[in-house]
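**Q** sequence first, then the predicted structure:
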Amino acid sequence: SVTKLVNKVNDFQQSRQGWPLPASICVYPNFASVVKEARKSDFNITVVAACFPSSQSFLEVKLRECELAAHPAGTRLTDYQKCVRTGDIDEVGDPSHLTCFEMLGNWSLGDYFKKDSIAYSYEFLTSPKWLALDPRMISVTVFEGDESAPRDEEAAGYWKENGMPEDKIAYMPKSDNWWAAGPTGPCGPDTEIFYWVGEGLPSAGSNKGTDPDNWMEIWNNVFMEYNRIDENTLVKLPKQNVDTGMGLERANCILQGKTSVYLTEVFQPIIKTIEELSKYTYGTDEEKDKSVRIIADHSRSSVFILGDQRGVTPDRVGAGYVLRRLIRRAVRHGMKLGIEESFLAKIAATVVDNFKIAYPELEQNAEKIYKELTAEEEKFRKTLLKGEAEFQKLLPNLMTLYGDFPRFGRFTHLFQGFKVNLIA
């Protein structure tokens, strides 16, 4: 179960002297609030960068401070908290991608580095005392190197020392295996850990690089090794840090032998509510299944955002726009399933009930969550109805006037407020 997994992670990290941090908020309205929180808790640069990676000026200050200052809780930290990330929102709807996930994280702040980080990760995943995963079902990626940074043979070597076969190690480009705070500042290679989700056992030579569709990422170890001065200059950090993150939903899915995070207890109550509202049975049509998964993910994300200690509300800019987009995509996919009445508040009630023990703030803010979801959903439905009526009037001439779909899409966005990815 999820609880057992979280407990095992905490037990393992504390056996390695990891100090547990309280879960922090997942919504920062602006960078100034990140700075305030970071200064209040004296967060190390690793933690701050993970919270708000675009914050260059503050990161540079913290970088200098990190040469001397130490985190008050020590050099080995661990935590468990909810996260919202929409950078790969277009991937949501497949079996594993989520905009909202629970992150099992740990940090080494100038303490151990690649050798111990890799050894600890592999031990936790494969040891009978911990998760006892089959080593044959695990593969990894490391940074392949480029003109500015060397191939990470060091990380690859440590994987081999721990028993990872060479054909299960894929060397990947910077777009896959490099973390950076921004154009300048802290950065470094990472090594990602994958679990086999294909049929049977992986064949010889199968890894994320050669067989990407059959491997699901479950853990990422970021090695904050360098400080980027400019486009062509990297220097070693005086304190080299490790920042790892394991997605709770994916790890739980693997441990239960499931092929999708949506088949676990994390999402099944939400999906059952969607089934009741749509009169559609999940698992009978792949296109509709994708809509169900998007609704389940986006509604869960919206609840976590609205229920956060500093939860924002739907808006045209910033975090509020992210929330608005999530809500409206969920509504649109609900309409694809034939749900004609407002429904998000009903799904939200299931989400709150499912997560209120781990995150009591959701129940405390439940009325606000339902109210905001309903208001935004009704507003969007009115916009759609108004736009649809206008389309009916203009449709006979639109395609003639605008010729192709991209130009038609620009028209609808400019004059009706509809984005191309909504009407497509």
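**A** Great, that's in hand.
**Q** C-alpha only now, for contacts and for neighbours.
**A** Will do.
**Q** show me where the stretch 151-300 of the chain has its helices.
**A** In order along the chain, the stretch 151-300 of the chain carries the following helices (DSSP state H, counting those that start in this stretch): 153-161, 174-177, 248-255, 268-278, 286-306.
**Q** how about the ones you listed in CSV, adding mean pLDDT and distance to residue 339?
**A** Output for the helices of the stretch 151-300 of the chain, formatted as CSV (pLDDT from 0 to 100; distance: least, Cα to Cα, whole Å):
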stretch, mean pLDDT, distance to residue 339
helix 153-161, 98, 50
helix 174-177, 96, 38
helix 248-255, 95, 27
helix 268-278, 98, 5
helix 286-306, 97, 11
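**Q** among those, which comes closest to residue 209?
**A** For those, distance to residue 209 was read as Cα to Cα. The smallest value, 10.4 Å, belongs to helix 174-177.
**Q** before we move on, the earlier item: check the helices of the stretch 151-300 of the chain for me and report the most buried one.
**A** Ranked by mean neighbour count under mean count of other Cα atoms under 10 Å, the helices of the stretch 151-300 of the chain are led by helix 286-306, which reaches a mean of 24.
**Q** for it, name the packing helices and strands.
**A** Using 3 or more Cα pairs under 8 Å, 6 or more residues apart in numbering; DSSP states H and E as the contact definition, the elements that helix 286-306 packs against are strand 76-84, strand 100-109, helix 268-278, helix 318-336, helix 344-355, helix 366-402.
**Q** quick check: residue 242 vs residue 80, distance?
**A** 16 Å (Cα to Cα, to the nearest Å).
**Q** do residue 96 as well
**A** Distance, residue 96 to residue 80, using Cα to Cα: 19 Å.
**Q** so between the two, which is more surrounded?
**A** Neighbour count, other Cα atoms under 10 Å: between residue 96 and residue 80, residue 80 has more, with 22 against 18.
**Q** what about the closest residue to that one other than its chain neighbours, neighbour count?
**A** Counting by Cα to Cα, 6 or more residues apart in numbering, the nearest residue to residue 80 once its immediate chain neighbours are dropped is residue 104, at 4.7 Å. Other residues lying near residue 104 total 21 when counted by other Cα under 10 Å.
**Q** quick one: closest of the helices of the stretch 151-300 of the chain to residue 134.
**A** When the helices of the stretch 151-300 of the chain are compared by Cα to Cα, helix 248-255 sits nearest residue 134, at 10.5 Å.
**Q** what lies in contact with that closest one?
**A** The list of residues contacting helix 248-255 from outside it, by Cα atoms under 8 Å, 6 or more residues apart in numbering, reads 1-2, 5-6, 96, 101-104, 131, 133, 195, 217-218, 259-261, 263-264, 266.
**Q** would you mind getting the angle between that helix and strand 100-109?
**A** For the pair helix 248-255 and strand 100-109, the angle between their directions (axes from the mean of the first three to the mean of the last three Cα atoms, to 10 degrees) equals 100 degrees.
**Q** for the chain, give me the ranges with low pLDDT.
**A** Across the chain, the stretches falling below the confidence threshold (pLDDT under 70) are 18-70, 388, 390-392, 394-396, 398-424.
**Q** so what's the residue most central in space within it up against?
**A** Centroid check for the chain by Cα atoms, centre = their mean gives residue 85 as the closest residue, at 4.7 Å. The neighbourhood of residue 85, defined by Cα under 8 Å, 6+ apart, consists of 99, 100.
**Q** got it, and residue 183?
**A** Residues counted as contacts of residue 183 (Cα under 8 Å, 6+ apart) are 228, 230, 231.
**Q** repeat that for residue 290.
**A** Neighbouring residues of residue 290 by Cα under 8 Å, 6+ apart: 93, 94.
**Q** could you measure from it over to residue 92?
**A** Counting by Cα to Cα - residue 290 and residue 92 are separated by 8 Å.
**Q** and residue 256, by the same measure?
**A** According to Cα to Cα, residue 256 and residue 92 sit 21 Å apart.
**Q** neighbour-wise, which of the two wins?
**A** Neighbours were counted for residue 256 and for residue 92 using other Cα under 10 Å; residue 92 has more, 19 against 13.
**Q** roughly how far apart are that one and residue 127?
**A** 32 Å.
**Q** ok, residue 76 next?
**A** Using Cα to Cα, one gets 21 Å for the distance from residue 76 to residue 127.
**Q** higher neighbour count, these two?
**A** Neighbour comparison, residue 76 and residue 127: the larger count goes to residue 76, with 22 against 13 (by other Cα under 10 Å).
**Q** you'd agree the more buried one is up against residue 17?
**A** Yes: here residue 76 lies in contact with residue 17, judged by Cα atoms under 8 Å, at a distance of 6.5 Å.
**Q** for residue 181, grab the count of nearby residues.
**A** Counted with other Cα under 10 Å, the neighbours of residue 181 add up to 23.
**Q** so how far is residue 242 from it?
**A** The span separating residue 181 from residue 242 equals 14 Å under the rule Cα to Cα.
**Q** residue 199 now?
**A** Distance of residue 199 to residue 242, computed by Cα to Cα: 34 Å.
**Q** ok, now residue 133?
**A** From residue 133 over to residue 242 the distance is 23 Å, taken as Cα to Cα.
**Q** same check on residue 72?
**A** Here the distance between residue 72 and residue 242 works out to 17 Å (Cα to Cα).
**Q** give me the more crowded residue out of these two.
**A** residue 242 (23 against 10).
**Q** that one and residue 281: what is the separation?
**A** In this structure, residue 242 and residue 281 are 44 Å apart, going by Cα to Cα.
**Q** one more: residue 211?
**A** From residue 211 over to residue 281 (counting by Cα to Cα), the distance is 32 Å.
**Q** so how far is residue 216 from residue 130?
**A** Taken as Cα to Cα, the span from residue 130 to residue 216 is 20 Å.
**Q** same check, this time on residue 111
**A** With distances defined as Cα to Cα, the gap from residue 111 to residue 216 amounts to 29 Å.
**Q** give me the neighbour count for the nearest residue to residue 226 once chain neighbours are set aside.
**A** If the residues on either side of it in the chain are set aside, residue 226 comes closest to residue 236, at 4.4 Å by Cα to Cα, 6+ apart. If you count neighbours by other Cα under 10 Å, residue 236 ends up with 14.
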